[in-house]
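# structure, please.
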Amino acid sequence: MSTSGSVSKACFVFKPKAGKRKKKLNPADYFVNETGAKTEATRERYDTYQILWEDMNKDIDALQTDIHKKVFDDLVGYVGTTHPGFSLEEGTKQKVSSNEIPTAALVTGVNMPDHGMIFSNLTSLLQDNITPYVARLQAKDCSAMKNIMSKVIMQFMGNKDLLDDDDDEVQVKRISPTMPVLCGWYADAVKKSQSPNKSPSKKRKTSYGQYPPLVIVMEDLEGFPAQVLQDFIIICSQYLSRLPLVLVFGIATTVTAVHTLLPHSVSSLLCMEKFQAQPSTEYLSQVINKTLLTTKYPFKLGHRVFQLLLDMFLYHDFSVVNFIRGLQFAMLEHFFSDLGMLCCGAKLRTSRVKAMDHRQLEAIRKSPSFRRYVELQKPQEQRDLLLNDKHTKEVFISLLKDLDSYHGMCYPIMHCLHALTSSLPRHPLGKQLRELYSLVLESNVWETQGYKDAFSLLRLMARDDLVSVLRQCVERLQAWTESDVSEVIMEVQTYMAQLASLGDGSQEEQEEEPDERPKERLSKTTKLHDLQNRLRESAKQKKKLTKYEVLRNKILDYLDEIFRTHLPSPTTLPLHEVYYYDRVSTLRKHMNAAPRAAIQTALSNPHFYLQDESLKSEDGTIPNTAPDVCIAYKLHLECGRLINLYDWLQAFVMLVHSGEENGADSSKQKKVDEVLQARFIRAVSELQFLGFIKPTKRKTDHVARLTWGGC
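Sure, this is the predicted structure:
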């Protein structure tokens, strides 16, 4: 038996049941209240989510274009200048002096899930500015030379710009995927584009060159078979006189991957230029700044959810796309609750608070932060907050306004603290702004050990270094336009002016009164005991601070007061649950799922998912009413490394028959055994597909067990 084959050779057909197809639900249909009914409040929550996510997604798309703008512009400019003297006319046709293929090596990084979006934007830019002929290849579709040629020719000839309105559709599948066919098609396409009889309506919207290049983008170069890639490059180099070919390599690691895949005889056929895309960490920082560290969007992530998404990014895939998906899922989950209805603009939020009924007010009163707020009030105020709906609404509006004011000052001051501490040794508050933001979300930042260490280092900083970091603080604050921080800017600038006005000798000033005791010590012999006493006395004497040190302490004390005032943790503020989503268990279950654990739970305890009372059983027992694959799975757990198929079948049949009467006739029993055998083979095949067993050649009619500890 082949180790790569299947245990069963049968084909199982599942016919669809006759009847009406299940109607697909609109996303808004999932927003319902506790009773499962759609109300005006649930519709408002969905509309708010939809508007908020559309605006946020637009900013993310614009950011995606901007972050790669420079490298894309350079790459597009390079492609446009690759074949300046190319011509197909016989009179002006020049021989190609070199058979080197112009190649752009785009280093994209290891964030593989983001590459599709990157190359999609690059393809759009090439088609808008340089050429309509762009083919995208992926390693999974190019296992052989025929596959590569078919994909290239199909994408080139399937371009809508190649066909006139009255032309018949090109049958790409009937065309032989060879280079001569591509050469003939390109010559015809160039003639058609230069034809003077072509109507203006059929002309392209974008004006390309006389001979637009044929760009072939290989998105994941490391995944291509080496021999296939070598053959393709050699063939392309032979047709440069008839086709203006340009290659774009998408490289996830380093450019040396090209030399690993290609020998020198093939790599010498490439005229390669390197282009470095922005790292995904930089892209993530900008996404966080645009979506979370802003007052434009009221929705925020709590500390645990934010840290989970960061950990998934840093330790799993470096994918910003997956981070954005997690952000969208968290936002969707947040708007399922009644608190999400108030996660909107100030004017709309005020009107919604005034229109809230008693049930909705009670849901917000149950939030932990509001409970803590009520406990700190006087007895009469506590009664009003819990029983007087009108008074509660007024307090809600006031508390939510305080949250808006907090966000307006928190983010610029956080930028200021980051500018002050990011260059310190060992980065006590983190090197990236997202690390500082996580600390602020978790607790009061001034209570952390990193904050204390940072200020200890700042109190040792020289004047030039202090002036430099203060200048960076002012620049960060001046760049902030969403709230007024002019008072802080003016105060810091005043301190900078005082630092500049200090004389050069100010730092050299020491104690005004000189100590005459050293002269006495030098003039006569001193005993060891007397010397120790004098050293202790001198150690107790406080050294007078210089003017710079006094001013430095004054500046840092002012900044410390500002940070303590404007950077409390949002978890200490009442009603922060309206804006902050922090249900990390729900997000982890959906975004960081464990499929193997779910499969083992489903097979060992089908009642957990099916909720069928007949499937309930005591621990260790196997009910005969369970699905066949569950019975086979439970039986295989009792076996060792190798499982005898015949013994497994006998145990399966015995278990299935355990609930039936023994009075069945032999003929009917024989027929049932044939059906049971087919059911058993199907169950074993499903276990093989799930990866629990595999065929083996070590023993006849045996399979090997692959997993352990799944009981």
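
# list the contacts of the closest residue to Leu221 other than its chain neighbours.
Nearest non-adjacent residue to Leu221, counting by CB to CB, 6 or more residues apart in numbering: Phe249, 4.6 Å away. All C-beta atoms are positioned from the backbone trio N, CA, C, and that covers glycine. Shown in contact with Phe249 (CB atoms under 8 Å, 6 or more residues apart in numbering): Thr103, Ala104, Ala105, Leu106, Met218, Leu221, Val258, Met272.

# buried stuff in stretch 423-442?
Of the residues in stretch 423-442, 424, 428-430, 432-434, 436-442 count as buried by neighbour count, 16 or more other CB atoms under 10 Å.

# which one of those residues is nearest to Leu458?
Leu424 (7.4 Å; CB to CB).

# now that closest one: which helix or strand?
Using DSSP states H and E, Leu424 sits within no helix or strand.

# for Thr568, give its distance to Met409.
Heads up, residue 568 is Pro, not Thr. 11 Å (CB to CB, to the nearest Å).

# nearest spatial neighbour of Asn322, chain-adjacent residues omitted?
Using CB to CB, 6+ apart, the nearest residue to Asn322 is Pro113, at 5.8 Å.

# I'd like the distance between that neighbour and Leu310.
Pro113 is 16 Å from Leu310, where distance means CB to CB.

# test my guess that Leu292 contacts Gly302.
No - the pair Leu292 / Gly302 is not scored as a contact, 11.1 Å apart, by CB atoms under 8 Å.

# between those two, which one's more packed in?
A count of neighbours by other CB atoms under 10 Å puts Gly302 above the other of Leu292 and Gly302, at 22 against 18.

# just the pLDDT for Ala104.
Looking at Ala104, its pLDDT stands at 95.

# list the contacts of it.
If you count contacts by CB under 8 Å, 6+ apart, Ala104 has them with Leu75, Tyr78, Val79, Val246, Leu247, Val248, Phe249, Met272, Glu273, Phe275.

# element containing it, please.
Counting by DSSP H and E, Ala104 is part of strand 101-107.

# now the next helix or strand after that strand against strand 101-107, angle please.
For strand 101-107, the following helix or strand on the C-terminal side (DSSP H and E) is helix 115-129. Counting by axes from the mean of the first three to the mean of the last three CA atoms, to 10 degrees, helix 115-129 lies at 140 degrees to strand 101-107.

# who does the helix or strand just after helix 115-129 pair up with?
For helix 115-129, the following helix or strand on the C-terminal side (DSSP H and E) is strand 134-137. Sheet pairing of strand 134-137 (DSSP bridges) gives strand 214-218 (parallel).

# helices or strands up against whichever helix or strand comes after the partner strand?
Per DSSP H and E, the first helix or strand lying C-terminal to strand 214-218 is helix 226-237. Applying 3 or more CB pairs under 8 Å, 6 or more residues apart in numbering; DSSP states H and E, one finds that helix 226-237 contacts strand 101-107, helix 145-157, strand 245-251, helix 256-261, helix 264-267.

# out of these, which comes closest to Asp484?
strand 101-107 (42.8 Å).

# for the closest one, what is the distance to the chain centroid?
In terms of CA atoms, centre = their mean, to the nearest Å, the centre of strand 101-107 is found 27 Å from the chain centre.

# pLDDT weak spots in this structure?
When residues are selected by pLDDT under 70, those of the chain lie in 1-25, 90-98, 159-175, 195-207, 503-526, 540-542, 619-620, 659-672, 709-711.

# list the buried residues of the longest helix along it.
Looking across the chain with DSSP state H, the single longest helix is helix 389-421. By 16+ other CB under 10 Å, the buried positions in helix 389-421 come out as 392-393, 395-396, 399-400, 403, 406-421.

# and stretch 99-110, by the same measure?
For stretch 99-110, burial by neighbour count (16+ other CB under 10 Å) applies to Ile101, Pro102, Thr103, Ala104, Ala105, Leu106, Val107, Thr108, Gly109.

# and if you look at stretch 224-231?
For stretch 224-231, by 16+ other CB under 10 Å, it's Phe224, Pro225, Val228, Leu229, Gln230.

# before we move on, the earlier item: just send the buried residues of stretch 423-442 back as CSV, with distance to Glu686 and secondary structure too.
Listed next are these as CSV, based on distance: CB to CB, whole Å; DSSP: H, G, I helix; E, B strand; the rest coil:
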residue, distance to Glu686, secondary structure
Leu424, 58, coil
Pro428, 54, coil
Leu429, 53, coil
Gly430, 48, coil
Gln432, 47, coil
Leu433, 49, helix
Arg434, 44, helix
Leu436, 50, helix
Tyr437, 47, helix
Ser438, 44, helix
Leu439, 49, helix
Val440, 50, helix
Leu441, 45, helix
Glu442, 45, helix
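
# so which two of these are the farthest from each other?
Maximum distance among those (CB to CB): 21.3 Å, for Leu424 and Leu441.

# still on that earlier bit, what's the closest of the contacts of Phe249 to Thr131?
Distances from Thr131 to these, taken by CB to CB, are shortest for Ala104, at 13.5 Å.

# which strand residues bridge the closest residue in space to the closest one that isn't next to it in sequence?
Once flanking residues are discounted, Ala104 sits nearest to Val248: 4.8 Å by CB to CB, 6+ apart. Note on Val248: beta-bridge partners by DSSP bridges are Ala104, Val217.

# my read: Val248 touches Tyr78, true?
No - between Val248 and Tyr78 there is no contact, the gap being 9.6 Å when judged by CB under 8 Å.

# looking at these two, which is more packed in?
Neighbour count, other CB under 10 Å: between Val248 and Tyr78, Val248 has more, with 27 against 17.

# if I pick the more buried one, what's in contact with it?
Each residue near Val248 by CB under 8 Å, 6+ apart is listed here: Leu75, Val79, Thr103, Ala104, Leu106, Leu122, Val215, Ile216, Val217, Met218.

# also Thr572?
Thr572 sits in contact with Asn444, where contact means CB under 8 Å, 6+ apart.

# distance of it from Tyr406?
Using CB to CB, we find Thr572 at a distance of 10 Å from Tyr406.

# what do you get for Phe318?
From Phe318 to Tyr406 the distance is 32 Å (CB to CB).

# again with Tyr297
Computed as CB to CB, the Tyr297 to Tyr406 distance reads 15 Å.

# same deal with Asn322?
30 Å.

# in the stretch 551-700 of the chain, which spans are helices?
With helices called from DSSP state H, counting those that start in this stretch, the stretch 551-700 of the chain shows them at 584-591, 595-604, 607-610, 628-636, 645-656, 666-690.

# of those helices, which stretch is the most buried?
helix 628-636 (a mean of 22; mean count of other CB atoms under 10 Å).

# got the angle for it vs helix 666-690?
For helix 628-636 against helix 666-690, the angle by the same axes, to 10 degrees is 80 degrees.

# can you list contacts of helix 628-636?
Contacts of helix 628-636 (CB under 8 Å, 6+ apart): 602-604, 606, 622, 624, 626, 643, 648, 651-652, 655-656, 679-680, 682-684, 686-687, 692-693, 705.

# can you dump the C-alpha coordinates of that helix into PDB?
Extracted in PDB, the C-alpha atoms of helix 628-636 (Å, rounded to 0.1, in the frame of the first residue of the first chain):
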ATOM      1  CA  ASP A 628     -19.300   7.000  12.400                       C
ATOM      2  CA  VAL A 629     -16.200   9.100  12.300                       C
ATOM      3  CA  CYS A 630     -16.500   9.800  16.100                       C
ATOM      4  CA  ILE A 631     -16.800   6.000  16.800                       C
ATOM      5  CA  ALA A 632     -13.800   5.200  14.700                       C
ATOM      6  CA  TYR A 633     -11.800   8.100  16.300                       C
ATOM      7  CA  LYS A 634     -12.600   6.900  19.900                       C
ATOM      8  CA  LEU A 635     -11.700   3.300  18.900                       C
ATOM      9  CA  HIS A 636      -8.400   4.400  17.400                       C
END
